[in-house]
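Peer 1: Quick check, what structure comes out for this input:
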Amino acid sequence: MKFIGRHEELARLRRKLSSDRSESILVYGRRRVGKSELIREAIRGEDCLAVQYVCRKASYEENFSGLARAAAEALGEPFLSFRDLASLLEFLYRRARTQRIVLFIDEYPFLRDGNESVDSEFQIAIDRWQHESRLKVILCGSYMDTMQKIIEGNAPLFGRFSEILKLAPFDYYDAGQFFPNRTNEEKFFLYSVLGGIPFYLLQVRENLTPEENLEELLIPEGSLLENEIRLQLALELSKEENANYVLEKIAAGIGKYSDIAENFPGKSSNAVGHTLEKLLGMDLIEKDSPINAPANKRLQRYVISDALLDLYYSYLFRESTARSVLPAREFYRLKLKERIETEYLPRRFEVAAREFLVRRNREGKMEPPFFRVGRFVWNDRKRHLNGEFDCVTEDEKGLISYECKYRKKPLDMAVVREEEEQARKLGLGFRRFGFFSRSGFFGVDPSIYPSFTLDDMYRAEDEP
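Peer 2: Model (predicted):
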């Protein structure tokens, strides 16, 4: 399969690997997000000798022994041995004065194993050889907490990396490239239920419909993707049940800290905060603040940023009994089909619309470019009403509100007039209105109202 996406990250890595100096690179991100494949793709494009080692959940001695063997084999010197990490690094740095060498250590936290002295060995070697060698050191890992601590201000390796890449899941567009033969609606469905993690997307079987893939991959108890969810939580959280509680609440729309903490198991506010911070660090949830009141903590909420977790905790987590007694197809028909179509996909359509706008903005296709995108809240105190517009951009000229409709019929001028009238009555200063529609438009002038269909969102990047 061809390499998908990550064009900017790949270019940044290749610039470092082809430089005529020593480089130290840190690559981290969630499990299964494609870190190792990105690095291997970057190395494949370079004429160099690569020492590659994947650390295991084992003792430091076992991992060091494996790393030393990998170095000896890559260098073509099978009888070469090293007494410690310092001697191994010194040998590679010396050798790289005359030979292009990349040292790629995957799952670095297993080598480190909570021992900062390992970081110190790398720090000493980097400081000693950075001006005398061309060795490229790449440290990679999935344990978000550990990898983020490596670059904190008081850590030995702080300031030593010439490149730090934190990989995020794919957005809707890059995720769709995994399914070149599917319709845009099928691509959007698969992205909405699986998210942008490459490993999840690669599990989709081409001979099955999107719904059949969901029935196979997630609905049965103990399914592949349910196990992935549980493993991810178990690896970085000491109490999985706390995470389950928090994620289920957020999926139900309970996003304020005080509301999440209510009836929390054990009644411990410390446990609530700890769980939320862990989930934030793992990039499974995020803090969402309205663009017109970013500093107002009362309006801040937690949301699930991962589509698979959103789906799972919204509709599947509490349905273990039904999932155990019903065939997956019947469970989907009875419990999921209508709710996904009427509740879930419209919600994810708003997410994809924001991602589309961000892509266009980065490509220079928004004039003027916006510097903020998110929800906009309003409060009508006279009528005791409040609400929000879900997709609003802010640029140097003001605000544009985008309404997103995931419906089977085209969006017409009645919806446009309704949006304009609501904003007028509330006294909101939107300078323009835009629209996203699953099924196109009827009677809406795109020169007045920026209008985008689902097909527009999946049009190739080099098309206008």
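Peer 1: Which residues belonging to the host helix or strand of Val415 are considered buried?
Peer 2: In this structure, Val415 sits in helix 413-426 according to DSSP states H and E. For helix 413-426, a neighbour-count test (16 or more other Cβ atoms under 10 Å) marks 415-416, 419, 423, 426 as buried. The C-beta positions use only the backbone N, C-alpha and C, and glycine is treated the same way.
Peer 1: Put the alpha carbons of that helix into PDB.
Peer 2: Presented in PDB, the C-alpha positions along helix 413-426 are these (Å, rounded to 0.1, in the frame of the first residue of the first chain):
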ATOM      1  CA  MET A 413     -32.900  29.400   1.000                       C
ATOM      2  CA  ALA A 414     -35.300  28.700   3.900                       C
ATOM      3  CA  VAL A 415     -32.400  27.400   6.000                       C
ATOM      4  CA  VAL A 416     -30.300  30.400   4.900                       C
ATOM      5  CA  ARG A 417     -33.000  32.900   5.900                       C
ATOM      6  CA  GLU A 418     -33.500  31.100   9.200                       C
ATOM      7  CA  GLU A 419     -29.900  31.400  10.100                       C
ATOM      8  CA  GLU A 420     -29.700  35.100   9.200                       C
ATOM      9  CA  GLU A 421     -32.900  35.900  11.100                       C
ATOM     10  CA  GLN A 422     -31.700  34.200  14.200                       C
ATOM     11  CA  ALA A 423     -28.400  36.100  14.200                       C
ATOM     12  CA  ARG A 424     -30.300  39.400  13.500                       C
ATOM     13  CA  LYS A 425     -32.700  38.900  16.400                       C
ATOM     14  CA  LEU A 426     -29.800  38.100  18.800                       C
END
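Peer 1: Rounded mean pLDDT for the helix or strand following that helix, please.
Peer 2: Downstream of helix 413-426, the next assigned helix or strand under DSSP H and E is strand 430-437. Mean pLDDT, computed over strand 430-437, is 96.
Peer 1: returning to that earlier point: need the contact partners of the helix holding Val415.
Peer 2: 378, 380, 401, 403, 405, 430, 433, 435, 442-444, 449 (Cβ atoms under 8 Å, 6 or more residues apart in numbering).
Peer 1: and those, which are buried?
Peer 2: Buried members of these, counted by 16+ other Cβ under 10 Å: 378, 401, 403, 405, 430, 433, 435, 444, 449.
Peer 1: Need the max-distance pair from the residues you listed.
Peer 2: Spatial extent of the buried ones among the contacts of helix 413-426 (Cβ to Cβ) is set by the pair Trp378 and Val444 at 23.8 Å.
Peer 1: just so I have it, where are all the strands in the stretch 51-200 of the chain?
Peer 2: Taking DSSP state E, counting those that start in this stretch as the test, the strands found in the stretch 51-200 of the chain are 101-106, 136-141, 163-167.
Peer 1: so the second one versus strand 163-167, what angle?
Peer 2: I take that to be strand 136-141. 30 degrees (axes from the mean of the first three to the mean of the last three Cα atoms, to 10 degrees).
Peer 1: and strand 136-141, what other elements does it pack with?
Peer 2: For strand 136-141, the packing partners by 3 or more Cβ pairs under 8 Å, 6 or more residues apart in numbering; DSSP states H and E come out as strand 23-29, helix 35-44, strand 101-106, helix 108-112, helix 116-129.
Peer 1: right, so of the strands of the stretch 51-200 of the chain, which gets closest to Arg128?
Peer 2: Between Arg128 and those, the tightest spacing by Cβ to Cβ is seen for strand 136-141, at 12.7 Å.
Peer 1: In contact with the residue of the chain most remote from its centre, which residues are there?
Peer 2: Centroid-distance maximum for the chain: Phe79 at 42.7 Å, with Cα atoms, centre = their mean. Neighbour list for Phe79: Ala72 [criterion: Cβ under 8 Å, 6+ apart].
Peer 1: thinking again about what came up before, include mean pLDDT when you put the strands of the stretch 51-200 of the chain into TSV, please.
Peer 2: Formatted as TSV, the strands of the stretch 51-200 of the chain follow (pLDDT from 0 to 100):
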stretch	mean pLDDT
strand 101-106	97
strand 136-141	96
strand 163-167	96
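Peer 1: Kindly reformat those as CSV containing mean neighbour count and distance to Phe389.
Peer 2: Formatted as CSV, those follow (neighbours: other Cβ atoms under 10 Å; distance: least, Cβ to Cβ, whole Å):
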stretch, mean neighbour count, distance to Phe389
strand 101-106, 23, 44
strand 136-141, 25, 39
strand 163-167, 17, 30
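Peer 1: how about a markdown table for those, with distance to Ala155 added?
Peer 2: As requested, the strands of the stretch 51-200 of the chain are exported to a markdown table (distance: least, Cβ to Cβ, whole Å):
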| stretch | distance to Ala155 |
| --- | --- |
| strand 101-106 | 17 |
| strand 136-141 | 12 |
| strand 163-167 | 13 |
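Peer 1: Just tell me which of those ends up closest to Ser289.
Peer 2: strand 163-167 (20.8 Å).
Peer 1: which other residues reach that closest one?
Peer 2: If you take Cβ under 8 Å, 6+ apart as the criterion, strand 163-167 is touched by 6, 9, 12-13, 16, 23-30, 33-35, 38, 151.
Peer 1: Would you write a ChimeraX line that selects the buried entries of these?
Peer 2: Paste this into ChimeraX to select the buried members of these, with burial taken from 16+ other Cβ under 10 Å:
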select :6,9,13,16,23,24,25,26,27,28,29,30,33,34,35,38,151
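Peer 1: Help me confirm that Ser192 comes into contact with Glu341.
Peer 2: No: Ser192 lies out of contact with Glu341 (Cβ atoms under 8 Å); the separation is 10.8 Å.
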